[in-house]
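Peer 1: Requesting a structural model of the entry that follows:
(one chain, ligands or ions: 1)
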Amino acid sequence: MGTKANGAVEAGAGENAAQELFIGGRTRPASGDRRFPVHDPATGEVLAHVADATGDDVAAAVSAAHAARESWSHTPAWQRYEVLRDGADALRRDVSAMAELISAETGKPVREALGEAHNTVRFFEWFSHETLRLPGEAWPEITPTRDAIVVAEPVGVVAAITPWNFPAFMVACKVGAALAAGCTVVLKPAEQTPLTALFIARALHAAGLPDGVLNVVPTSDPASAGQVFLHDARVDCISFTGSRAIGELLMREAAASIKRVLLELGGNSPVVVLDDADIAATASRLVQARYLNAGQACVAANRVYVVESVAEALLAELGMAVRALNVGDPRRDDTNLGPLIDLAAVERIETQIDRAVAQGAELTTGGGRLKENAVSAFVRPAVLTAQGGQEPAVFSEEIFGPVLAVVTCRDEAEAISLANDTEYGLAAYVFTGDADRGLRIARALRAGSVAVNGALTSEPQLPFGGMKASGLGRERGRAGVEEFLELKTIQLAK
Ligand code: ADP
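Peer 2: Residues are numbered from 1 along each chain as shown. I've put the predicted structure just below:
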């Protein structure tokens, strides 16, 4: 594959393995040789003209995954482990190239992209080990004449739909777990970031993953791909990460065939900051929890509820820390924030800031575009402030960009009640100097993951997912593998 020194994939190379569909272990163009451009958001340059799968191409990928299913699901666990471990090792050898590709497609700083690439390797490796620990039970003598066993079988063909914000890591979470469980996969990456997904699939295949076990179908028409996944009876499960609107659509339409649906739909993560917190440390961790990936992360801290006695101090520290962030060229080592993914994302953020101000919030730091190109723009990291009880309605929405909302509250009780007053429940944060208080509040917050005195880190053994409208099911951890298994109970007459 042609990656330039700056990480960009050489464009216009015609039929280049890096930009073709990956179906049944082979690269191939889309029907009619349809293609769509993938851009570098930092420069606006076209990185590649990627094969644009039609519904028929997606159906062909489903056929390949279906054909591979029997053999992969019956491959002894030890052998599946070896194949997945070798795949993780191959990705580790290519970790720098993967990071360059992630950065080129998303615009995130190369340093952050390298972190994501290493995590991707780590997760694939961890899932390879889980292959050796799939659950099962034996129940002898359930009656005087019967024994029983409970076997965990792979659910079958999994359609994985991934977002653009973590184009490698999201693939590891879904594909690593599904393959470990013995499922085969059709992966439809986000249209902004198909190159990383293709890169991972080709690396795993070259390391020994059998043909058809993992197929990748980039497309500029995700709705048609979604229709194939929903209505093709050979697809047993849809694992989706993305917007709530599309999650609702998939769940509604999957009802027609009772297809298993796993949903990770983002959040509106609250933060509670109490009077006994170390305010300087809280500010610096909040900067991590909000502005990583230019705020484009579903667990990002969205709304801070700070008790009034420490509000002024926190805002002063936050203002300084946020103004010190470097926005600019993702390829520079000292860059903290690259561009947002595209101009539509920038416009959404600007509208949210404008609405917040119109609804009574104050923009105390940042906002506005720093520079822009034909496809994207760099946004100055921003802080909005408001008083508890007078929160702008926009604070109840997910803000998918570098904007932190800070709300001053009377006391702990008001902070917790406002923090829980949301339809979402993906992540939450609490800052306090008292460990018991931290644990008590962590238990009181309705979210799938809670961090006490820090940002959240992604660890393969920890389950991750949403309560309430943030989703269904869990990814990562043992639970993340079990979502791709189905229990079969067998009673044996003696
Ligand atoms: P975002 O707004 O963050 O891009 P989306 O929910 O639109 O969130 O996208 C997340 C993933 O869902 C992407 O891979 C996208 O291509 C895919 N997607 C978008 N629309 C549909 C659809 N109608 N059916 C199936 N997948 C879809």
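Peer 1: Isn't A203 up against D94?
Peer 2: Yes. Between A203 and D94 a contact is recorded at 6.0 Å, counting by Cβ atoms under 8 Å. Using the backbone N, CA and C atoms, a C-beta is placed for each residue, glycine as well.
Peer 1: When those two are compared, which one has more neighbours?
Peer 2: More crowded of A203 and D94, by other Cβ atoms under 10 Å: A203, with 21 against 17.
Peer 1: Now do the contacts for the more buried one.
Peer 2: Contacts here follow Cβ atoms under 8 Å, 6 or more residues apart in numbering; on that basis A203 touches G87, A90, L91, D94.
Peer 1: Roughly how far does it sit from P218?
Peer 2: Distance of A203 to P218, given as Cβ to Cβ, to the nearest Å: 16 Å.
Peer 1: do the same with Q79
Peer 2: Q79 is 30 Å from P218, where distance means Cβ to Cβ.
Peer 1: Looking at the two, which one has more neighbours?
Peer 2: Between Q79 and P218, P218 has the larger neighbour count (other Cβ under 10 Å), namely 30 against 11.
Peer 1: How about that one, nearest residue that isn't a chain neighbour?
Peer 2: Distances taken as Cβ to Cβ, 6 or more residues apart in numbering put P194 closest to P218, at 3.3 Å, once the chain neighbours are dropped.
Peer 1: Then S257?
Peer 2: Per Cβ to Cβ, 6+ apart, closest to S257 is A233, 6.8 Å.
Peer 1: does that neighbour really touch I258, like I thought?
Peer 2: No. Look at A233 against I258 with Cβ under 8 Å: they stay out of range, at 11.1 Å.
Peer 1: Looking at the two now, which is surrounded by more residues?
Peer 2: A233 (10 against 7).
Peer 1: Give me the helices and strands touching the lowest-mean-pLDDT helix or strand in the chain, please.
Peer 2: Taking mean pLDDT, DSSP states H and E as the measure, the chain has strand 369-372 as its least confident helix or strand, at a mean of 94. If you count contacts as 3 or more Cβ pairs under 8 Å, 6 or more residues apart in numbering; DSSP states H and E, strand 369-372 packs onto helix 343-358, strand 377-379.
Peer 1: Please export the C-alpha coordinates of that strand as PDB.
Peer 2: Presented in PDB, the C-alpha positions along strand 369-372 are these (Å, rounded to 0.1, in the frame of the first residue of the first chain):
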ATOM      1  CA  ARG A 369     -12.800  28.600  13.800                       C
ATOM      2  CA  LEU A 370      -9.100  28.800  13.800                       C
ATOM      3  CA  LYS A 371      -8.600  27.800  10.200                       C
ATOM      4  CA  GLU A 372     -10.400  25.800   7.700                       C
END
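Peer 1: what lines up beside the helix or strand hosting F36 in the sheet?
Peer 2: Assigned by DSSP states H and E, F36 belongs to strand 35-39. Here strand 35-39 has these sheet partners by DSSP bridges: strand 46-51 (antiparallel).
Peer 1: Just give me how far the strand it pairs with sits from the chain centre.
Peer 2: 23 Å (Cα atoms, centre = their mean, to the nearest Å).
Peer 1: List the buried residues in the helix or strand following that strand.
Peer 2: Proceeding N to C from strand 46-51, the next assigned helix or strand is helix 55-73, under DSSP H and E. Residues of helix 55-73 classed as buried: 55, 57-66, 68-69, 72-73 (neighbour count, 16 or more other Cβ atoms under 10 Å).
Peer 1: mind checking which of the helices and strands packed on strand 369-372 is nearest V406?
Peer 2: Closest to V406 of the helices and strands packed on strand 369-372 is helix 343-358 (Cβ to Cβ; 11.4 Å).
Peer 1: SS state for I149?
Peer 2: With DSSP: H, G, I helix; E, B strand; the rest coil as the basis, I149 sits in strand.
Peer 1: who's it bridged to?
Peer 2: A138, I490.
Peer 1: how close does the spatially closest residue to M320 that is not a sequence neighbour sit to the ligand?
Peer 2: Nearest-residue entry for M320: A283, 7.9 Å, with adjacent residues in sequence omitted and distances by Cβ to Cβ, 6+ apart. Applying Cβ to the nearest ligand atom, to the nearest Å, the value for A283 to the ligand is 28 Å.
Peer 1: Surely A283 is within a helix?
Peer 2: Yes. Looking at A283 with three-state DSSP, it is inside a helix.
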